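K.L.:
3D, please:
(chains A and B)
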2 protein chains.
Amino acid sequence: MRTAVKIGVIGAGSAVFSMHLVRDLCLTEELWGSSVVFMDVDEQRLVTVHRLAQRYAAEIGAQLTFERTLERRDALRDADFVINTALMGGHGRKEAQRDVEEAHGYYRGLRLRFLQLKLMLAVARDMERHCPDAWLIQSANPVFEGCTLMTRETTINVVGLCHGHYHTQDIARVLGLDFEDVTFEAPGFNHCIWMTHFRYKGEDAYSLLDEWIETRAKAYWRAWQPAYGETQMSPAAVHMYRLYDAFPIGDTVRALWDPMWWYHVDLETKKRWYGPLGGFDSGIGWSQYLEQLGQRVAQIQQAMDNVDSPLTGLFPPEKSREQIVPIIDALANDRQGVYQVNVPNNGAIANIPDDVVVEVPAVVSGSGIQPLQVGPLPERLMLGVMTPRLLVTERALAAFLTGDRRYLYDTLLSDHRTQSLQQAEDVLQAVFDMPGNEDMARHFATRPPLANH
Amino acid sequence: MRTAVKIGVIGAGSAVFSMHLVRDLCLTEELWGSSVVFMDVDEQRLVTVHRLAQRYAAEIGAQLTFERTLERRDALRDADFVINTALMGGHGRKEAQRDVEEAHGYYRGLRLRFLQLKLMLAVARDMERHCPDAWLIQSANPVFEGCTLMTRETTINVVGLCHGHYHTQDIARVLGLDFEDVTFEAPGFNHCIWMTHFRYKGEDAYSLLDEWIETRAKAYWRAWQPAYGETQMSPAAVHMYRLYDAFPIGDTVRALWDPMWWYHVDLETKKRWYGPLGGFDSGIGWSQYLEQLGQRVAQIQQAMDNVDSPLTGLFPPEKSREQIVPIIDALANDRQGVYQVNVPNNGAIANIPDDVVVEVPAVVSGSGIQPLQVGPLPERLMLGVMTPRLLVTERALAAFLTGDRRYLYDTLLSDHRTQSLQQAEDVLQAVFDMPGNEDMARHFATRPPLANH
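P.N.:
Residues are numbered from 1 along each chain as shown, chains lettered A, B, ... in the order given. Coordinates of the predicted model:
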């Protein structure tokens, strides 16, 4: 089967993301004839991506058409697939807000998601009008909160995708296993997934992991000079495994939700758990991430300017590990495959409510996305991690949906960094008072007194 | 109807508790002919209570028989009702343990419940053998954890009782309302109940409470010299109401579970929220409580020694507010009444799991205990208070049932007072190392490393 589809890309100005998408589309002949509509609010970046996509397809000889628009509805109208990769405000704004939060005693900042959630819901609502039967592929964060919100509040088919689970390859590499012979199951919530099954050549492989931890981990960590993102085999991951009896996978190890404060007290603590750079979310690691992102964007800009040099030099014609295009192919052309997706639970994890989006393996085909029933998660994991993590999300969604600032207070008061009611009240007000946050401030306009009586 | 029943009292050596029970029984003619078996491990206190009970019944002319035993099975055998009021180790031991906990940075101590839970489960298990059809009336704390544990693990009919909901009378008094014309509904978990309905002469009375808060509370608090236990109309109660949209009732205001750390940071903070004594759970308040308890015990001892003076002087023949004897009467004699009870939820509160013991109004009669369906609790209350409170209980029960110390770590790591993994590990070990805690230490023998990797 070979079906031409229309794909709308929201936030397409991210050249790195869009060019990986374009490459995978160009290398998937089964989707040739399809059209891609890039949408972004930044016209300059949009023009860049559009031209690069056209050049790349021409170099490959791929039969795809590319359009660009500043209007969301043009990207959505009659789309078969919508990919939302938009980050509201961009990284610069996030950094400025983090400075304010840190000045109030919140080292490395809070995780307020208002703008992202608002955008996600707006996109899904627009889809109800312009392409009610399309699939929404949510690739920008927060996937867990955003997909749960959109699936509860709209009728759109949503699937959230993330790379995190690929870090099982790091486990295989460090243990010296051929990943081809590894199978695993790592369900949970996005950025909170846990390897409940791990086999090598059909045999349980947790014993190999235990042996590595017992006999080789210490030596490994002594010589360890990980890049900022290499946290999969960190002391933090092993510690979580000891605490919860399941190995954390991918971004899970970053422990970005507040209950796991003990990995993040200060830079020294981060270094102890995540290696010399302090991991992805230290000041060092995050700077390196932003720097590399900047370098990549500069490379792309250079390629854009250098019309004589082939783009396949910068983006060699090899398929990426991204699941986006294979899943579009699976859905459009009934090509059955197993993927790691974020979809409403509906019983896939037996002891999680139906209306919560979970990350689980699923068969994707012309029948749609059919999650595997992975059974209940162990009680140790539920009471240690999953239930408190879900509470963080439910509070964030209630805050978003009601505009009631008290749901934000709940989370702040559970935050180990909060030392007083006044501090919680002040940091929120300071964030709301920032230029660019007027919309958020209006949303949370009612201001119940927290610190006074 | 007038039925003679056998009532076993576990922990009967508590003279204050037992004498209130004896008085209510003596004043309930419908239960005359019944026998009461007092059981305690402290023979001297047991003898005292037994003699006082016999004297009191003789003074009143009540037809009741009283026995005493050091053997639990003798109190349980063929009992119709078992009342468990036993506090393992007594207050002295709790204070010593608190000192150790405070030395590790836990101001006013932890709330480890191992010994109490163990005793409760043992009593319920013994009842399965010796009186499988009897009602167990659980009056010692922790009612929430203990009743949930016993109803999940045994087949015994359990009802937990508490005085807390009577503090609605304090609200009526302060607002100047005649309590006879007040109706209310305050469901939740024991020590975590919230007034969802409040009417005066059939009209919503929350507006009267709001008006008091708005116009009279500040003046009231300026002149306020509450006894240690008078927290119902404290700034803490009003603050909780502002946070959660429902007024907290009784012990709820004490906010004894860890998430509400902000009322308990230090004595100054406690004074600000609970008045000059810092409330029930400050060093001052708790000392006064223990002192008054001691004075009452001394009075009873004096009455015991003074055989010529009538006991009705110390215990005037008026029924107490306790629900225990009326509920026994209601069950034994089919005398229908509405009481505030702690029983397995089974849908009484729509958004709480069935197998959690909730505190709800119930009709009690010859048909048994039939909770009223109070509907779902508001989301604000669920996400702000009930869900985190339930998590504390589920972790405590999982710790108890598995002996896995990591469930205790979960709670300690969520505790705002915990500043490091080492501190959490150390305080637990220090408690386990205390003389008298050998049994608990054995139960939690496996000691997974928390602070090291």
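K.L.:
Those residues of the stretch 351-453 of chain A touching chain B, which are they?
P.N.:
Within the stretch 351-453 of chain A, the positions near chain B by CB under 8 Å from any CB of the partner chain are A:379-380, A:383-384, A:387-388, A:391, A:394-395, A:398, A:404, A:406-407, A:409-410, A:413-414, A:416, A:418, A:420-421, A:448-450, A:453. (C-beta placed from N, C-alpha, C; glycine too.)
K.L.:
List only those of those residues flagged as buried.
P.N.:
Among those, those classed as buried by 16 or more other CB atoms under 10 Å in any protein chain shown are A:379-380, A:383-384, A:387-388, A:391, A:394-395, A:398, A:404, A:406-407, A:409-410, A:413-414, A:416, A:418, A:421, A:450, A:453.
K.L.:
Please narrow those to those residing in helices.
P.N.:
A:379-380, A:387-388, A:391, A:394-395, A:398, A:406-407, A:409-410, A:413-414, A:421 (DSSP state H).
K.L.:
Enumerate the residues of the stretch 151-300 of chain A near chain B.
P.N.:
So the stretch 151-300 of chain A meets chain B at A:Pro235, A:Val238, A:His239, A:Arg242, A:Leu243, A:Tyr244, A:Pro259, A:Trp261, A:Trp262, A:Val265, A:Trp273 (CB under 8 Å from any CB).
K.L.:
of all those, which two lie farthest apart?
P.N.:
Across these, the longest distance by CB to CB is 19.8 Å; it joins A:Tyr244 and A:Val265.
K.L.:
Tell me which of those two has more neighbours.
P.N.:
A:Tyr244 (21 against 17; other CB atoms under 10 Å in any protein chain shown).
K.L.:
surely A:Leu391 meets B:Val385?
P.N.:
No. A:Leu391 lies out of contact with B:Val385 (CB atoms under 8 Å); the separation is 11.2 Å.
K.L.:
quick one: whichever residue of the stretch 151-300 of chain A sits closest to chain B from A:Val253, how far?
P.N.:
Per CB to the nearest CB, the residue of the stretch 151-300 of chain A with the smallest distance to chain B is A:Pro235, at 4.3 Å. Separation of A:Pro235 from A:Val253 (CB to CB, to the nearest Å) stands at 10 Å.
K.L.:
same thing with A:Lys319?
P.N.:
Taking CB to CB, one finds A:Lys319 at 27 Å from A:Val253.
K.L.:
Neighbour count for the two, which is higher?
P.N.:
More neighbours surround A:Val253 than the other of A:Lys319 and A:Val253, with 28 against 13 (other CB under 10 Å).
K.L.:
Find the nearest non-adjacent residue to A:Gly278, please.
P.N.:
Counting by CB to CB, 6 or more residues apart in numbering or on different chains, A:Gly278 lies nearest to A:Lys270, which is 3.5 Å off, once chain neighbours are set aside.
K.L.:
What segments of the stretch 51-200 of chain A are helices?
P.N.:
A:72-76, A:90-103, A:114-130, A:143-153, A:168-175 (DSSP state H, counting those that start in this stretch).
K.L.:
so of the ones you listed, which one's packed in deepest?
P.N.:
Counting by mean count of other CB atoms under 10 Å in any protein chain shown, helix A:143-153 has the highest mean neighbour count of these, with a mean of 24.
K.L.:
Who are the packing partners of it?
P.N.:
The helices and strands touching helix A:143-153, judged by 3 or more CB pairs under 8 Å, 6 or more residues apart in numbering or on different chains; DSSP states H and E, are helix A:114-130, strand A:135-138, strand A:157-160, strand A:337-344, strand A:357-365, helix A:387-402.
K.L.:
Any regions of the stretch 351-453 of chain A where pLDDT drops low?
P.N.:
Residues of the stretch 351-453 of chain A that meet the criterion pLDDT under 70 lie in A:453.
K.L.:
for chain A, same thing?
P.N.:
Within chain A, the set of residues satisfying pLDDT under 70 comprises A:258, A:453.
K.L.:
List the buried residues for the longest helix seen in chain A?
P.N.:
For chain A, the helix that runs over the most residues, judged by DSSP H, is helix A:283-305. Within helix A:283-305, the residues that count as buried by 16+ other CB under 10 Å are A:Ile284, A:Gly285, A:Trp286, A:Gln288, A:Tyr289, A:Ile300, A:Ala303, A:Met304.
K.L.:
now the residues you listed as a markdown table including distance to A:Asp433?
P.N.:
Putting those into a markdown table (distance: CB to CB, whole Å) gives the following:
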| residue | distance to A:Asp433 |
| --- | --- |
| A:Ile284 | 29 |
| A:Gly285 | 29 |
| A:Trp286 | 24 |
| A:Gln288 | 31 |
| A:Tyr289 | 28 |
| A:Ile300 | 36 |
| A:Ala303 | 41 |
| A:Met304 | 39 |
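K.L.:
So A:Leu119 is in contact with A:Gly89, correct?
P.N.:
No. Taking contacts as CB under 8 Å, A:Leu119 lies outside contact range of A:Gly89: 9.7 Å.
K.L.:
For the stretch 151-300 of chain A, which segments are assigned as strands?
P.N.:
In the stretch 151-300 of chain A, the strands defined using DSSP state E, counting those that start in this stretch lie at A:157-160, A:182-185, A:188-189, A:192-195, A:197-200, A:203-204, A:247-249.
K.L.:
and B:Thr28, which of those is closest to it?
P.N.:
strand A:188-189 (54.9 Å).
K.L.:
who does the closest one touch, helix- and strand-wise?
P.N.:
Under the contact definition 3+ CB pairs under 8 Å, 6+ apart, strand A:188-189 sits against strand A:357-365, helix A:387-402.
K.L.:
So what's the gap between the shortest one and the chain middle?
P.N.:
The reference is to strand A:357-365. 15 Å (CA atoms, centre = their mean, to the nearest Å).
K.L.:
Compute the inter-axis angle for that strand and helix A:387-402.
P.N.:
Interaxial angle, strand A:357-365 versus helix A:387-402 (axes from the mean of the first three to the mean of the last three CA atoms, to 10 degrees): 90 degrees.
K.L.:
Would you mind getting the angle between strand A:357-365 and strand A:337-344?
P.N.:
Using the same axes, to 10 degrees: strand A:357-365 against strand A:337-344 is 140 degrees.
K.L.:
List the neighbours of strand A:357-365 that are in contact with it.
P.N.:
Identification of contacts with strand A:357-365 by CB atoms under 8 Å, 6 or more residues apart in numbering or on different chains yields A:143-144, A:147-148, A:151, A:158, A:160, A:162, A:165, A:185-190, A:193, A:327, A:330-331, A:334-345, A:348-349, A:352, A:369-372, A:374.
K.L.:
what's the next secondary structure element after that strand?
P.N.:
strand A:368-371 (DSSP states H and E).
K.L.:
Buried residues in that following strand, which are they?
P.N.:
A:Ile369, A:Pro371.
K.L.:
counting contacts, what elements does it pack onto?
P.N.:
strand A:157-160, strand A:337-344, strand A:357-365.
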